[in-house]
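Colleague: below are the sequence and a predicted model for it; my questions follow.
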Amino acid sequence: MLSRAPTWIGWIVAIVPLVFVACTRGSRPSPDADVPSPAVDPHDRQPVTRPGALARADALPGLDAGMLPKTTSADGAAERADQCLADPRCEASEAGRLYEAADDAGATRADCFRFYYGSAVAKDLRRARLCLERRVSAEQSPRGSSPTLERSVLALMWIEGQGGSPDGKHAMQLLAGTFADMDVQDLRGRAQHAPPANAPEIDFCRDVASTTQSLLGCAGVDRERAETDQRLVDKTLVRRLDAAGQALYARGARSFGEFLTKDMALWGDRFRGGSLSPVESASHGTELVRQRAMRLRGATTLPAALETAEQAHRADAELNATYRAVLSSASDEASRKLLRDAQLAWIRYRDDEMAVWRSLFPQAGEAIDAHATTYLTEDRTAALKALAEHP
């Protein structure tokens, strides 16, 4: 799950008209070149799997929690909420309503962390705790295994009194029969003492998680929160675009997904063969998703100050120098190949993302090219420098 392309990419690609605007990009760069040329064929794409079953989000019927008395129906409502969130044409408020309706109806497969962190819905620790109780009650007995992330977070909520009164004994019951890994030992120690008054809120992922299993689970939750932010941005921007612009937006999302997969592999390679490799890969992927969402959120209005072509040229020169340095310091050919592949994928993503900005602000002309090129290039340079600093 952690290495997949975000699910919202498939929805964006699926819902927009398949209109491809002709553009001239030049020839494909050689993968063996030290610095890949920016001229990349934008039509060289890998297929994106389309998730979900609904073809049209605007066909989603209104859903009343009272219509969902059975758990299976409630879980279906949670799935509909996911589909609504992923579809740019479905209102964010409708997705939130569906999540709450599914929770009210007793869904057992809902993402309880949405309520815990306030992701696409209002933060509600009471809902989160009740939701996690249902999830954990549906789990198989731990039988000496480490607890699931849901079980660990629920235990901490009972210990700390999050979403209701504290009850250390109930937390200990939740942890009974689990393997006493470092996280479980930490939680059992906390359960022996009442939480201090006015103490800051404890977050399991931030303050407790230390095992590989927990870190991976927390990385998955963090990734979903970042993807949710991107989906909410998509809902705002896609509606501003005509059919041609929507096709460009879909292409940008798809090329970002391809770049994301390759760059995550590059970052995970720093811990090749180690247990931290998937954690590092997942964390980097989350940061990339969050960074793109933040940049596109700024595209709701034309920036007051746009970078110049000269600034874009300087940024490109710095990136080329940084890329050469990282490539020359790579430990082996496998690492060099991962870097080349990721950089070529980034170039395709950069070119497609620039086209998105042009479609959003056609009145800005070439100035918007310089703006998009500069920020994308500076972000990439910063990432490669971080890669070199922590090989």
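Modeller: Perfect, thanks for sending it.
Colleague: find the nearest non-adjacent residue to residue 390, please.
Modeller: Of all residues not flanking residue 390 in the chain, residue 270 sits nearest, at 6.9 Å (Cβ to Cβ, 6 or more residues apart in numbering). For every residue, glycine as well, the C-beta is placed using N, CA and C.
Colleague: so that neighbour touches residue 281, yeah?
Modeller: No - counting by Cβ atoms under 8 Å, residue 270 stays clear of residue 281, with 9.1 Å between them.
Colleague: more crowded one of those two?
Modeller: Per other Cβ atoms under 10 Å, whichever of residue 270 and residue 281 has more neighbours is residue 281, with 24 against 17.
Colleague: hmm, back to that, ok, the residue nearest to residue 390 to residue 108 distance?
Modeller: 38 Å (Cβ to Cβ, to the nearest Å).
Colleague: low-confidence stretches in this structure?
Modeller: Low-confidence segments of the chain, defined by pLDDT under 70: 1-72, 391.
Colleague: go again with 80.
Modeller: 1-73, 390-391 (pLDDT under 80).
Colleague: the helices in it, which residues?
Modeller: 7-15, 71-86, 92-104, 113-117, 125-137, 149-160, 168-175, 182-191, 212-238, 243-268, 276-297, 309-329, 333-360, 366-389 (DSSP state H).
Colleague: let me have the ones you listed in a markdown table, extended by distance to residue 198.
Modeller: Formatted as a markdown table, these follow (distance: least, Cβ to Cβ, whole Å):
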| stretch | distance to residue 198 |
| --- | --- |
| helix 7-15 | 39 |
| helix 71-86 | 35 |
| helix 92-104 | 30 |
| helix 113-117 | 21 |
| helix 125-137 | 17 |
| helix 149-160 | 12 |
| helix 168-175 | 19 |
| helix 182-191 | 17 |
| helix 212-238 | 26 |
| helix 243-268 | 39 |
| helix 276-297 | 31 |
| helix 309-329 | 47 |
| helix 333-360 | 46 |
| helix 366-389 | 37 |
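Colleague: may I have stretch 84-100 as PDB, with CA atoms only?
Modeller: Extracted C-alpha coordinates of stretch 84-100, given in PDB (Å, rounded to 0.1, in the frame of the first residue of the first chain):
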ATOM      1  CA  CYS A  84     -16.700  10.900  -3.200                       C
ATOM      2  CA  LEU A  85     -13.500  12.300  -1.700                       C
ATOM      3  CA  ALA A  86     -11.400  11.000  -4.600                       C
ATOM      4  CA  ASP A  87     -13.700  12.400  -7.300                       C
ATOM      5  CA  PRO A  88     -13.000  16.100  -7.800                       C
ATOM      6  CA  ARG A  89     -16.600  16.700  -8.900                       C
ATOM      7  CA  CYS A  90     -18.100  15.500  -5.600                       C
ATOM      8  CA  GLU A  91     -18.400  18.200  -2.900                       C
ATOM      9  CA  ALA A  92     -16.000  17.900   0.100                       C
ATOM     10  CA  SER A  93     -18.900  18.600   2.400                       C
ATOM     11  CA  GLU A  94     -20.700  15.600   0.900                       C
ATOM     12  CA  ALA A  95     -17.700  13.300   1.500                       C
ATOM     13  CA  GLY A  96     -17.700  14.500   5.100                       C
ATOM     14  CA  ARG A  97     -21.400  13.900   5.500                       C
ATOM     15  CA  LEU A  98     -21.000  10.400   4.100                       C
ATOM     16  CA  TYR A  99     -18.100   9.600   6.500                       C
ATOM     17  CA  GLU A 100     -20.200  10.700   9.500                       C
END
